[in-house]
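# no FASTA, just this:
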Ligand code: LRH
Ligand code: MN
Ligand code: MN
């Protein structure tokens, strides 16, 4: 067991400055294609989603931004939403484009062979960039559902050409202080060939675009067994690891709470980040939660997830780097592995409780939120209207 006083001043700074962005859609109802369950008190509009996100920050102190998805969070007055977020103590984060829920995009959006439909998809992204100006967001995040279901359905190569051209047009519309974040995913909704299936494809596209284009690594978007921390290192080496979409999975893109299915993987990822020196807030890597809470309450689910990220980070910071290097240099296989496992098995919860107390927070964010009465109040007040669901 370790205490806050066991940290070096630098470790203490890194841990207390770490932030995790939330996603607005985590606060809506979610489910599978079989059933979306509704929960009393679920937000009905982007303002209520922002209010819920602010609760997570209020109790954890590490989630000061919430990411929006357009058109799920489309609203008439973005300046008002921005001001509302500020009042609640948070800011609006990345803007996510959505070109995967419109019949027009059945055969592709930025890759569509129909120039009219491809133009529509490009314009949807320009609309997102216009919104960024109003929300004060500096990053446009693109994930596409584009792909094909059957061999021969379309030319893999022609689709790549159209994608590259579309991305170029979108990138050209960004201002100098805005970034493009491209997310990959190996399958779903496309089952044969996804147009941005992996980190290699995403990296080639962002390299062709320019310096302000980076890759988003969603931890649920790889084939089972993929060594995700290896990809983390590759993207860091290329200077193009822009962000994480954190979640955990047992099977496919399950979007469960990060650190729930595989806390050891989360630790290994954070260990790679720490050992590369990429934890610092100026390193440009944005940590975000991209999760859906189907059965559990959403705000507590997000609180637990933010705490899981913080725990994995604290453990990664505690790895004895000197002992690790010495064991690695001596080819001491078990010794090196032992150094890592010692850190992983360290109980950092008292340390993090101490950090929260130091920041004037309740040492137990999860319990404190449940005791706050917020959920009961939301259930009472949010009656009528349509609850938001994964997505809208
Ligand atoms: C795609 C994805 C992407 C979307 C989000 C709702 O599976 O991870 O980040 O924007 O889900
Ligand atoms: Mn994602
Ligand atoms: Mn996903």
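Yes, it's here. Predicted model, so just to flag it, every value in this text is computed and none were measured. Numbering: from 1, shown residues only. Ligands and ions are numbered 1, 2, ... in the order given.
# For the stretch 251-392 of the chain, what lies in contact range of ligand 1?
Applying CB under 6 Å from any ligand atom, we find that the stretch 251-392 of the chain lies next to ligand 1 at 253, 290. No exception for glycine: its C-beta is placed from N, CA and C like everyone else's.
# Show me the helices in the stretch 251-392 of the chain, by range?
Along the stretch 251-392 of the chain, counting by DSSP state H, counting those that start in this stretch, helices occupy 263-276, 298-317, 321-329, 333-344, 349-358, 365-372, 374-381.
# Quick check: which of those helices is buried the most?
With neighbours defined as mean count of other CB atoms under 10 Å, those peak in mean count at helix 298-317, which reaches a mean of 24.
# tell me what it is packed against?
Counting contacts by 3 or more CB pairs under 8 Å, 6 or more residues apart in numbering; DSSP states H and E, helix 298-317 packs against helix 9-17, helix 46-60, helix 263-276, strand 286-289, helix 333-344, helix 349-358, helix 365-372.
# what would these look like in CSV with distance to residue 97 and mean pLDDT?
What follows is these, written out as CSV (distance: least, CB to CB, whole Å; pLDDT from 0 to 100):
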stretch, distance to residue 97, mean pLDDT
helix 9-17, 29, 97
helix 46-60, 16, 98
helix 263-276, 26, 98
strand 286-289, 15, 98
helix 333-344, 37, 98
helix 349-358, 35, 97
helix 365-372, 31, 98
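# Ok, which of these comes nearest residue 104?
Nearest of these to residue 104, taken as CB to CB: helix 46-60 at 23.8 Å.
# Just list the residues touching the residue nearest to residue 390 when sequence neighbours are not counted, thanks.
Leaving out its chain neighbours, the residue that sits closest to residue 390 by CB to CB, 6 or more residues apart in numbering is residue 30, at 4.0 Å. Contacts were defined as CB atoms under 8 Å, 6 or more residues apart in numbering; by that measure residue 30 touches 36, 255, 292-294, 389-390.
# Ligand 2: which of these is nearest?
Taking CB to the ion as the measure, ligand 2 lies nearest residue 255 of the contacts of residue 30, at 8.1 Å.
# circling back to that earlier point, and the contacts of residue 30, which is the shakiest by pLDDT?
The member of those with the lowest pLDDT is residue 390, at 82.
# surely that one meets residue 31?
Yes. Counting by CB atoms under 8 Å, residue 390 touches residue 31, with 7.1 Å between them.
# neighbour count winner among these two?
residue 390 (18 against 14; other CB atoms under 10 Å).
# Now do the phi/psi pair for the more buried one.
Per-residue torsions, residue 390: phi -50, psi 110 (degrees, to the nearest 10).
# quick one, what contacts it?
Applying CB under 8 Å, 6+ apart, the residues near residue 390 are 25, 28-31, 36, 292.
# most neighbours, which of the residues you listed?
Counting neighbours by other CB under 10 Å, residue 28 leads those with 28 neighbours.
# how far away is residue 153 from residue 187?
15 Å (CB to CB, to the nearest Å).
# sorry, back to before: okay, the helices of the stretch 251-392 of the chain in a markdown table with distance to residue 180 next?
Formatted as a markdown table, the helices of the stretch 251-392 of the chain follow (distance: least, CB to CB, whole Å):
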| stretch | distance to residue 180 |
| --- | --- |
| helix 263-276 | 22 |
| helix 298-317 | 24 |
| helix 321-329 | 34 |
| helix 333-344 | 35 |
| helix 349-358 | 34 |
| helix 365-372 | 33 |
| helix 374-381 | 35 |
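# would CSV of the ones you listed with distance to ligand 2 be doable?
Listed next are the helices of the stretch 251-392 of the chain as CSV, based on distance: least, CB to the ion, whole Å:
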stretch, distance to ligand 2
helix 263-276, 15
helix 298-317, 14
helix 321-329, 31
helix 333-344, 26
helix 349-358, 26
helix 365-372, 24
helix 374-381, 26
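# quick one: which of those helices is nearest residue 72?
Among the helices of the stretch 251-392 of the chain, the nearest to residue 72 by CB to CB is helix 298-317 (15.0 Å).
# and the closest one, how far from the chain's centre?
Its chain's average C-alpha position is 13 Å from that of helix 298-317, according to CA atoms, centre = their mean, to the nearest Å.
# Quick one: residues contacting residue 374.
55, 299.
# Need the pLDDT of it.
Reading off the confidence values, residue 374 has pLDDT 98.
# ok, now how distant is it from residue 293?
16 Å.
# what's the closest non-adjacent residue to the residue in the chain that ligand 1 sits nearest to?
Of all residues in the chain, the one sitting closest to ligand 1 is residue 143 (3.8 Å; CB to the nearest ligand atom). With CB to CB, 6+ apart as the criterion, residue 143 has its nearest non-adjacent residue at 4.0 Å, and that residue is residue 183.
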